[in-house]
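Pasted the sequence and its predicted model underneath.
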Amino acid sequence: MRPVVTVGEMGAIDAEALGRVSQAVLVERAGTAVARYALELLGGAYGRRVVVVAGKGNNGADGRVAAERLRRRGARVRVIEAAGAPGAIGPAGTVDLVIDAAYGTGFRGSYRAPSVPAGVPVLAVDIPSGLDGDTGEVSGEPLRADLTVTFAALKPGLLEGAGPGLAGRVVVADIGLDVSRARTWLVEDEDVDRLLPERPREAHKWQAAVAVVAGSPGMTGAASLCARAAYRAGAGMVRLGIPGASLREVPAGEAVGTALPAEGWAAEALRMAERCQVLVVGPGLGRSESASAEVRRLLAQSEVPVLVDADGLFALGWSDEGGVARLIRGEGLVEPGRPVRPVVLTPHAGEFGRLVGGALGGDRMAATARYAAATGAVVLLKGSTTVVADPGGQVLLSTAGGPQLATAGTGDVLSGVLGAFLARGVPPLEAAGLAAHVHGRASALGPSRGLLAGDLPELVSRWLSGRPDRTGRGEGGDG
């Protein structure tokens, strides 16, 4: 995993480092790193024409050091003060590279960058000027960078909001700062290999069993997608209950169907889950008051970890954060002192807004972390950058998905994948982060246009099967 630090955290890391190394040394290291990547973009230095837009702070100082390094290599460098920069850099044919060192992550206000001739690459120092380092929100008219050289760790604003579109390719330059205590991390492919446990040689189906309570009469598609995805992500057994549906209506497949009554089904669903490691509830259940009441009862009384998605989240929107926390603890509904089992909530932005009783706002990471802390649940907030937070303030990010996932049913598949990872023994925070990453990476194996949710379970299996385990083999099947 790659560390991600907020603007405030980066300031604290800088301040701590100043007890060991001077600010001048840090600026020298940063500027040298910028010059190195500038040379890569230029394909050499001698005779190349470079314009550096430099502000008064550390960001500008980094740019000035880079300018000096490039001059020594034979480049023709012009430094423009950000405050007095012209409206345009050019004309065309007079510049080979623009280095944006105007303002860094701490900038507040509105910045209008000078225009750059078409085809001239832009290198941003730490973050494109005018981009909020924590949220990725834009203030003014920043330059769109081809490459951003950031220091020590990724910043949230490079991954959220407009950041990915403005930052271009992002590289992290090590300048000797300790970011090992970061509380936010970006999930990568290697983390799947490292954190998803190998199956024992003598594994059996009940060691990774998932119970799914989903669907309703005439609306069984979400239930089918969730169950199939759980199997494809490594569940050994999936038990599927659809409230009010007869066994004839349970979708054909490997999932073991259980007839649940149309009303008062929570008790039977809990019995169905007794041999399972996790209970997934919500996709396609419907939003009747009776269904919502059963979701709340199930959440309060389950003795195994519970994943709540879709219509299950609608059932929780009746209460404030304290009410959800009491449900998770089972207060008044189970015997006092019972251990609190993990709960994972997987809202998209609209569902999250209903849970918190207001608009999500710009800082998705902070909002997710606050709700996780208030409720005691692990919260997975879906989006182009998926945010996962646990009650203790640890955050995982996934940027693996793409716009092809914006189609009906893909969230049901994610619930099945996450349910399988929980059943396989991955802790809830890591299971949610890995599931979001695998879900996104698998989608890239399908068509860029016209991807269906029904394609995804098999793509998940294909992507996981191509990941070598620690013995050098791909994942095998359960008996």
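Cool, the structure landed. Numbering: from 1, shown residues only.

In contact with residue 209, which residues?
By Cβ atoms under 8 Å, 6 or more residues apart in numbering, the residues touching residue 209 are 235-239, 275-277, 423. The C-beta positions use only the backbone N, C-alpha and C, and glycine is treated the same way.

wait, residue 13
Taking Cβ under 8 Å, 6+ apart, we find residue 13 in contact with 5, 152, 177-179.

Can you tell me which of those residues is nearest residue 382?
Distance to residue 382, by Cβ to Cβ, is smallest for residue 5 among these, at 23.2 Å.

can you give me phi and psi for the closest one?
The phi/psi pair for residue 5 (degrees, to the nearest 10) reads phi -130, psi 140.

what's the spacing between the closest residue to it other than its chain neighbours and residue 183?
In this structure, residue 5 finds its nearest non-sequential neighbour in residue 153, 4.6 Å apart by Cβ to Cβ, 6 or more residues apart in numbering. For residue 153, the distance to residue 183 equals 11 Å [Cβ to Cβ, to the nearest Å].

So for those two, which residue has more residues nearby?
residue 153 (22 against 15; other Cβ atoms under 10 Å).

per-residue pLDDT, the more buried one?
pLDDT for residue 153: 98.

Show me the strands in the stretch 251-400 of the chain, by range?
256-260, 278-281, 306-308, 343-345, 378-381, 386-389, 395-398 (DSSP state E, counting those that start in this stretch).

Would you mind listing the outside residues contacting the lengthiest helix in the chain?
Longest helix in the chain, counting residues (DSSP state H): helix 23-42. Residues outside helix 23-42 that contact it (Cβ under 8 Å, 6+ apart): 14, 17, 45, 48, 50, 58, 61-66, 68-70, 73, 75, 96-97, 99, 101, 121, 123, 125-126, 146-147, 149, 151, 171, 173, 175-177.

same question, stretch 440-459
By Cβ under 8 Å, 6+ apart, stretch 440-459 touches 189, 225, 228-229, 231-233, 386, 398-402, 404-405, 407-410, 412-413, 416, 439, 460, 462-464.

Buried residues, it. List them.
In terms of neighbour count (16 or more other Cβ atoms under 10 Å), stretch 440-459 has its buried residues at 440-443, 446, 451, 453, 455-457, 459.

Those in helices, which ones?
440-443, 456-457, 459.

of these, closest to residue 269?
residue 457 (22.8 Å).

Can you tell me the element residue 462 falls in?
In this structure, residue 462 sits in helix 456-465 according to DSSP states H and E.

mean confidence score for that helix?
96.

How about stretch 413-426?
98.

Equivalent analysis for stretch 136-144, please.
Rounded mean pLDDT across stretch 136-144 is 94.

buried ones in it?
For stretch 136-144, by 16+ other Cβ under 10 Å, it's 136-139, 142-143.

which two from those end up farthest apart in space?
137 and 143 (16.1 Å).

circling back to that earlier point, buried ones in the longest helix of the chain?
Judged by neighbour count (16+ other Cβ under 10 Å), helix 23-42 contains these buried residues: 26-35, 37-39, 41-42.

Could you do stretch 103-115 as well?
By 16+ other Cβ under 10 Å, the buried positions in stretch 103-115 come out as 103-105, 107, 111, 113-114.

closest to residue 157 among those residues?
residue 105 (7.0 Å).

tally of neighbours for the closest residue to that closest one other than its chain neighbours?
Of all residues beyond its chain neighbours, the one nearest residue 105 is residue 133 (3.1 Å), with distances taken as Cβ to Cβ, 6+ apart. Neighbours of residue 133 under the rule other Cβ under 10 Å: 24.

which residues sit in contact with residue 133?
Per Cβ under 8 Å, 6+ apart, neighbours of residue 133: 6-7, 10, 104-106, 127, 155-157.

before we move on, back to that, which members of the buried residues of stretch 103-115 are the farthest-apart pair?
Every pair of the buried residues of stretch 103-115 checked by Cβ to Cβ; the farthest is 105 and 114, at 20.7 Å.

Might you list the low-confidence residue ranges for the chain?
Applying pLDDT under 70 to the chain picks out residues 252, 332-337, 467-479.

burial of residue 409, as a residue count?
Residue 409 is flanked by 19 other residues according to other Cβ under 10 Å.

Make sure it is actually in contact with residue 220.
No: using Cβ atoms under 8 Å as the test, residue 409 is too far from residue 220 to be in contact (11.9 Å).
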